[in-house]
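In: pasting the structure only:
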């Protein structure tokens, strides 16, 4: 999570080249494989799969690609497991790394190496998780300035949202994790186009870094982002 705004991360992913976007979808595909194995290939009855489909669409992945991925991972013999790693990045930044992997040893070794290389250290389970709260996050991009902020806020709060923030023509609507889908559907039904809807981790406090330490933190995020096994990274760096 980049600073206080998840939107920074979403914009970063949206702006990538086609090859990089394909890499992002490879990560989502692995998450789909885990979700399908746990709850089946039907998104109507599998809320986690629905969330991942929404996430893929927010990153401009074509529907055909999503359908092919569901078919592929429904029939795959490869078993991916979700493993979460925690640690401290440069300057004491709290970092949570979510992965979906078919090789626990490979992924653990890679993640540990990245922390060490950038001046951080990987810790034990639970060492930083207490600093984050799971929240549903819906983002709406009002680049054309066509959204009435007051009307959107009212619609979001009436639908059950817990918090509402706006910055640089982007609206962030926070919900309890279990309320994410209902609030998102309500806003879609009201005619709003969502840029993203997913469960995220929101830090309770943030860390500021000097220029040199920030460069190392950026390097750590790039290394994690480039690893196919890493699906999500959350941190409390106020970038």
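Out: That came in fine, so what should we check first? Since we're looking at a predicted model, the values are computed, not measured. Residues are numbered from 1 along each chain as shown.

In: pLDDT on the helix ranked longest in the chain, on average?
Out: Longest helix in the chain by number of residues, with DSSP state H as the criterion: helix 18-39. In this model, helix 18-39 has a mean pLDDT of 82.

In: cool, and stretch 68-79?
Out: Rounded mean pLDDT across stretch 68-79 is 86.

In: Name the residues of stretch 152-162 that are buried.
Out: Buried residues in stretch 152-162, counted by 16 or more other C-beta atoms under 10 Å: 152-153, 155-156, 159, 161. From N, CA and C alone the C-beta is placed, and that goes for glycine too.

In: go on, stretch 185-197?
Out: For stretch 185-197, a neighbour-count test (16+ other C-beta under 10 Å) marks 186-187, 192, 194-197 as buried.

In: tell me the mean pLDDT over that stretch?
Out: Per-residue scores along stretch 185-197 average to 91.

In: hmm, who's touching it?
Out: If you take C-beta atoms under 8 Å, 6 or more residues apart in numbering as the criterion, stretch 185-197 is touched by 6-7, 10, 51, 54-55, 58, 136-141, 147, 152, 155-156, 158-160, 170, 173, 180-181, 184.

In: In PyMOL, how would I select just the buried ones from these?
Out: Restricted to buried positions by 16+ other C-beta under 10 Å, the PyMOL selection for those reads:
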select buried, resi 6+7+10+51+54+55+58+136+137+138+139+140+141+147+152+155+156+159+170+173+180+181+184
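
In: low-confidence ranges in this structure?
Out: 1-21 (pLDDT under 70).

In: Next one: residue 46 relative to residue 214, how far apart?
Out: Using C-beta to C-beta, to the nearest Å, residue 46 is found at 39 Å from residue 214.

In: Could you find the closest non-adjacent residue to residue 96?
Out: Once flanking residues are discounted, residue 96 sits nearest to residue 234: 4.5 Å by C-beta to C-beta, 6 or more residues apart in numbering.

In: any idea how far residue 121 is from that neighbour?
Out: Counting by C-beta to C-beta, the gap from residue 234 to residue 121 is 17 Å.

In: if we can go back for a sec, whichever helix or strand comes after the longest helix of the chain - contacts with which helices or strands?
Out: Using DSSP states H and E, the helix or strand that follows helix 18-39 towards the C-terminus is helix 47-58. Using 3 or more C-beta pairs under 8 Å, 6 or more residues apart in numbering; DSSP states H and E, the elements in contact with helix 47-58 are helix 18-39, helix 63-75, helix 180-189, strand 196-203.

In: Specify the angle between the third one and strand 196-203 in degrees.
Out: In terms of direction (axes from the mean of the first three to the mean of the last three C-alpha atoms, to 10 degrees), helix 180-189 departs from strand 196-203 by 140 degrees.

In: partner residues bridging residue 141?
Out: residue 170 (DSSP bridges).

In: From residue 171, how far off is it?
Out: 8 Å.
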